[in-house]
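# Using only what follows, build the 3D model:
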Amino acid sequence: MENQSLSVSSTLTLDPFFIPSRGKYPIFFLGVLIYLLGIFCNITLLTLIIFQRNLHKPMYYILFSLPLNDLIGITAMLPKVLSDIVTGTNRVYYHLCVLQGFVLHMYGGGVLFILAAMAFDRYVAICMPLRYGSVMTPRAVVSIICLMWGLDFVLIVSLFILQTRLPRCKSAVMNVFCDNPSLLKLTCGGVAINNIIGLFNTAVMQVVSVSVQVFSYVRILITCLVSRRSEAKNKAINTCVSQLIIFIIFEVVGTFTILSHRFKNVSADLQKIMGMLIFLVPPILNPIVYGLNTNEIRSTLVRVCKNKVSF
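Next up, the predicted model:
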């Protein structure tokens, strides 16, 4: 069994979409446009936060992690899928498959923790405006950023350490990209512990993220309801609604994708499509929503563009 495991582990075969020959290049060019749009939007947001001093604030230091995480997610998934559509190779080395799965899961957990950190920042800013500077100190902001990335790393590393310890006796990945559920299906050992740890890690991510966001937004809502300043109330609600929309979209798609692997009657193509949407929609939606919906970022972008044009 050990020799068999070694013989099938070096190269894996991915399960592609069925695309007619005449449809490959249109889909490829559409995918390239989506990828370039995601890269452009997120790099633009990162560049503004880095080089514009008026954005050097705790809120934007935390927000900086979101486009960075989106770039990691969309780059880890889409280029390989597009390459396979054109070349028809649909093959990947096992270790690269594990690496892709690890990065994609880091991206998914990162979204949850980053949105939770952003919600907490908005809670302090809106509910405790006079104490914002003393609570969100540079040290506190660095601690929050390290905590959300560190916790995400520990949870995902533990998941993949358990996965790689199992012997492999299959080489066909039933997906267009590599993730932990697909890699587990390649094993010929017991996966009960992996499933338990996977569900536990998912529960930790969800409980931490949802708890922080529910607490923050409920307190923000209460503060807005009792506030007599209509301008401040509208600004707070506008900020919170944009974050909630992004969180709900990610949760709906992500939850369906996770549950779809637990039920055999769900179409394989539907699993693939929903799985890809997690890595396509947020990287494009996030910078647009925060860029257009955040007055300071929007005004900074307009000012930079005007200065470039006038120059």
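# SS state for residue 12?
Under DSSP: H, G, I helix; E, B strand; the rest coil, residue 12 falls in the strand class.
# Might one say that it is in contact with residue 95?
No: applying C-beta atoms under 8 Å, one finds residue 12 not in contact with residue 95, separated by 10.1 Å. To be clear about C-beta, it is placed using only N, CA and C from the backbone, and glycine gets the same treatment.
# Now for residue 215, how many residues are close by?
14 (other C-beta atoms under 10 Å).
# Restrict stretch 269-278 to CA atoms and write it as PDB.
Output in PDB follows, covering the C-alpha atoms of stretch 269-278 (Å, rounded to 0.1, in the frame of the first residue of the first chain):
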ATOM      1  CA  ASP A 269     -20.600  21.100 -11.400                       C
ATOM      2  CA  LEU A 270     -22.700  23.100  -8.900                       C
ATOM      3  CA  GLN A 271     -20.100  22.400  -6.200                       C
ATOM      4  CA  LYS A 272     -17.300  23.600  -8.500                       C
ATOM      5  CA  ILE A 273     -19.200  26.800  -9.500                       C
ATOM      6  CA  MET A 274     -20.100  27.700  -5.900                       C
ATOM      7  CA  GLY A 275     -16.600  26.900  -4.800                       C
ATOM      8  CA  MET A 276     -15.100  29.300  -7.400                       C
ATOM      9  CA  LEU A 277     -17.500  32.100  -6.500                       C
ATOM     10  CA  ILE A 278     -16.000  32.300  -3.000                       C
END
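# Report how many residues lie close to residue 304.
15.
# my read: residue 119 touches residue 218, true?
No: the pair residue 119 / residue 218 is not scored as a contact, 10.6 Å apart, by C-beta under 8 Å.
# So between those two, which is more surrounded?
Under the criterion of other C-beta under 10 Å, the comparison of residue 119 against residue 218 puts residue 119 first, with 23 against 11.
# Just the element for the more buried one, please.
Element membership of residue 119, judged by DSSP states H and E, is helix 94-127.
# Distance from the chain centre to that helix, please.
6 Å (C-alpha atoms, centre = their mean, to the nearest Å).
# One more: stretch 91-106?
16 Å.
# swap in stretch 51-60?
The answer for stretch 51-60 is 22 Å, by C-alpha atoms, centre = their mean.
# for stretch 73-83, same thing?
14 Å.
# What of stretch 209-218?
For stretch 209-218 - counting by C-alpha atoms, centre = their mean - the centre lies 18 Å from the chain centre.
# Now that stretch: buried residues?
209, 212-213, 216-217 (16 or more other C-beta atoms under 10 Å).
# Any chance you could list what contacts that stretch?
112-113, 115-117, 119-120, 122-123, 240, 243-244, 247 (C-beta atoms under 8 Å, 6 or more residues apart in numbering).
# returning to what we had before: got the buried residues for the helix holding residue 119?
Buried-residue list, helix 94-127, by 16+ other C-beta under 10 Å: 94, 97-98, 100-127.
# From residue 19, how far out is residue 287?
29 Å (C-beta to C-beta, to the nearest Å).
# and what of residue 106?
29 Å.
# Also residue 115?
From residue 115 to residue 19 the distance is 34 Å (C-beta to C-beta).
# who's in contact with stretch 245-262?
Outside stretch 245-262, the residues touching it (C-beta under 8 Å, 6+ apart) are 108, 111-112, 115, 181, 202, 209, 213, 266, 270-271, 274-275, 277-278, 281-282, 285-286, 289.
# Which among these count as buried?
Buried, going by 16+ other C-beta under 10 Å: 108, 111-112, 115, 181, 202, 209, 213, 271, 274-275, 277-278, 281-282, 285-286, 289, out of the contacts of stretch 245-262.
# Quick one: residues contacting the nearest residue to residue 297 once chain neighbours are set aside.
Ranked by C-beta to C-beta, 6 or more residues apart in numbering and with sequence neighbours excluded, the top spatial neighbour of residue 297 is residue 291, at 5.3 Å. Neighbouring residues of residue 291 by C-beta under 8 Å, 6+ apart: 41, 44-45, 297-298, 301.
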